[in-house]
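Peer 1: Show me how the following folds:
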Amino acid sequence: MNRAAWHTRIQCGNAVGSGFLVSARQVVTCAHVVAASGTSAVTVGFPHRADLGELTARVAVHGGWRGGATDPGDVAVLELERDVPITPAVFAPAGAGRGTTPAPALAAYGFPRGHDEGSIAHYHATRGPLIAGEWVQLEAVSVQGQPLAEGFSGAAVQLPDGSVVGMVTAIAGGREARVGRMLPTEVMARYWHGLGELVPTPDLTPAQLRELYELVGRAEREGRRTGDHDRLYVDAVGPFGPDLPAGGFGSLTSLAVYLQLEVPEAVPQFLVRLRELLDGAESGCGEAGKPGTTPRRPPGRAPAWSPIVVEIDHSGAGPDQVTVEVSAYRDGRRRPVGARRLPRSGIRAYVQEHIDQAVTQLAAGADELLAFVLPRGWLNWPVARWECGADDPTPLGCAYPLVVADRARHRSGRMRHQLHKKWQKLDGGPAAVHRIDCGIRERPSTLRKRLWDDGTDLVGFASPPDAAREHFEVGLTVPVPMLLWPRAGCPEPDHEGPCGRGAFLDALTASVAGVPPADLPHHLLSLRLAADAHDEADGHWAGDVQLLWDDPRCFPETPAPLHSPVA
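Peer 2: Numbers count the residues shown, from 1 in each chain. Just a heads-up that it's a prediction; the model follows:
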């Protein structure tokens, strides 16, 4: 211990604590030790290097501690007024000193009252889970030794070889307490990400660690857009990996540090994905991933959709009760997110919450597709206009490529087989719009024959389903992959022959000309965004368009029946 000149004594106002040097100018301590830094100077001394005198310091990083004894984030990083010629502390791998038998004696160098030169306390780390996911409990090696006391806060907790495994944050009980708490290094790194590069990880090679922080640093320096960090985590850990931590990840660096210290086996996959995103290799990054550019695929490549499916159906428990199931598809497999029976008034809030959860199940960079599978009588619901959430008024149809599907044909083996054959032909080029004007008097059976004979792929209706119910059902029972219609009805529904609603079909036909059928959901997203930005409310022809888009290849598993969820 006497060769470890990196131990520091810290004073801020009336508070005295410990700390440890981690670079030529950085010292780590507890946030509560420097809580008065806003009004009092922070001074740092090195008891083993009295010739350096006391240096002033400023709080450069604060872990977010709010002042309570059990509040998380009790970490602060101080920046000294100048560099010091002292070799910094060396860290042990995360988790070292815990879970082994016999438990090694850990040492902490602190400054209790009357010991300005310092004193040493010896403790064991107890086995078991972290307390509240934050702390490791420390218990004294013997009852005769130095107990933890005021002045030990911020002290490095060391293994016998001198490497650091954590930091003392609290004592328990009275002045002679023999129990304390430390923040282990993997938890400290949550609040100061710079610690990640200092902690060795035996499961990773030095080359992998070096590349990890080189790529993260490159992304930050160049302002690269790397997508949803939570989805990157799910992609890295795989389908059987640990759940996404509560709160997710606010930055790429926080994700990298967490994977390194908590799930190191996922780092190689994370490196692969991060290289793809930064280099633009099949990542959908526009112009090398620069911020503000729109993701795009190579020319001619159809989107490889990753659907989020919201299935809503009558529950059978009463006219007001429905069942809702939300799931995500990844790697061709369906991942349930939530299922529940609830009153119709609760559908929107439940769907909003669980769509957000479903997104985290998708692979990073995936083309998400939001599909509402609805009973036939509910296909005209304004789901595209539902808000993303209570705090985000963006319409779902302006946040995702959004489509609806008919529940009966979504589960029909005959229809799925016939649609598969249709899509094999559709991949070769755009589809023409088969128009069904408002006020059509054609017999449903005649329309059915025409749709079959013409091999129709896309039907455009001038009016919503209720205004042409029989003709609309023909479109659903013939394997037509795409149906489009305006949600609003004709102002004069009983007229004969065409009417002004034909303008909708004219605009629709011109808009989708040349659009690959597989890309139609993306095209509708663009139209909805344009309509939402229009100067006049409801002034854009596509302001309330509904798209039924049915490609069974997006849902490779035969859908299982809805569960019988209970509230």
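Peer 1: What's the separation between the most centrally placed residue in the chain and Ala304?
Peer 2: In the chain, the residue lying closest to the centroid (Cα atoms, centre = their mean) is Asp230, at 2.5 Å. Asp230 is 20 Å from Ala304, where distance means Cβ to Cβ, to the nearest Å. In this view, the C-beta of every residue, glycine as well, is placed from N, C-alpha and C.
Peer 1: ranges for the strands of the stretch 251-400 of the chain?
Peer 2: Here the stretch 251-400 of the chain has its strands, by DSSP state E, counting those that start in this stretch, at 305-314, 321-330, 333-343, 367-374, 387-389, 392-395.
Peer 1: The stretch 1-150 of the chain too?
Peer 2: Taking DSSP E, counting those that start in this stretch as the criterion, the stretch 1-150 of the chain carries its strands at 7-12, 15-21, 26-29, 42-45, 55-62, 76-80, 106-110, 119-125, 136-140.
Peer 1: Correct me if wrong: Gly97 contacts Thr126.
Peer 2: No - applying Cβ atoms under 8 Å as the test, Gly97 and Thr126 come out as separate, 10.9 Å apart.
Peer 1: what sits in contact with each of the two?
Peer 2: Jointly contacting Gly97 and Thr126 under the rule Cβ atoms under 8 Å, 6 or more residues apart in numbering are Ala103.
Peer 1: what about Gly145, neighbour count?
Peer 2: When neighbours are counted by other Cβ atoms under 10 Å, Gly145 registers 14.
Peer 1: what does Gly250 give?
Peer 2: Neighbour count of Gly250, defined by other Cβ under 10 Å: 10.
Peer 1: Just the element for it, please.
Peer 2: Gly250 is located outside every helix and strand, with elements delineated by DSSP states H and E.
Peer 1: per-residue pLDDT, it?
Peer 2: In this model, Gly250 is scored at 81, pLDDT.
Peer 1: For the longest helix anywhere in the chain, buried residues please.
Peer 2: Looking across the chain with DSSP state H, the single longest helix is helix 206-221. Neighbour-count burial for helix 206-221 flags 208-209, 211-213, 215-216, 219 (criterion: 16 or more other Cβ atoms under 10 Å).
Peer 1: Likewise for stretch 321-331?
Peer 2: Going by neighbour count (16+ other Cβ under 10 Å), the buried part of stretch 321-331 is 322-330.
Peer 1: what's the answer for stretch 396-412, then?
Peer 2: Buried positions in stretch 396-412, judged by neighbour count with 16+ other Cβ under 10 Å: 396-407, 409-412.
Peer 1: can you give me the helices for the chain?
Peer 2: With helices called from DSSP H, the chain shows them at 185-191, 206-221, 229-237, 252-262, 267-279, 347-359, 407-410, 413-426, 444-454, 469-477, 502-512, 520-532.
Peer 1: Low-confidence stretches in this protein?
Peer 2: Within the chain, the segments meeting pLDDT under 70 span 1-3, 172-177, 223-228, 239, 280-303, 428, 490-501, 535, 537-538, 556-567.
Peer 1: would you turn the strands of the stretch 1-150 of the chain into a markdown table with mean neighbour count and distance to Val272?
Peer 2: Shown next, in a markdown table, are the strands of the stretch 1-150 of the chain (neighbours: other Cβ atoms under 10 Å; distance: least, Cβ to Cβ, whole Å):
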| stretch | mean neighbour count | distance to Val272 |
| --- | --- | --- |
| strand 7-12 | 25 | 41 |
| strand 15-21 | 24 | 36 |
| strand 26-29 | 26 | 32 |
| strand 42-45 | 20 | 42 |
| strand 55-62 | 17 | 30 |
| strand 76-80 | 23 | 32 |
| strand 106-110 | 24 | 38 |
| strand 119-125 | 20 | 35 |
| strand 136-140 | 20 | 33 |
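Peer 1: For Phe472, find the nearest of these.
Peer 2: Nearest to Phe472 among the strands of the stretch 1-150 of the chain is strand 55-62 (60.6 Å), distances taken as Cβ to Cβ.
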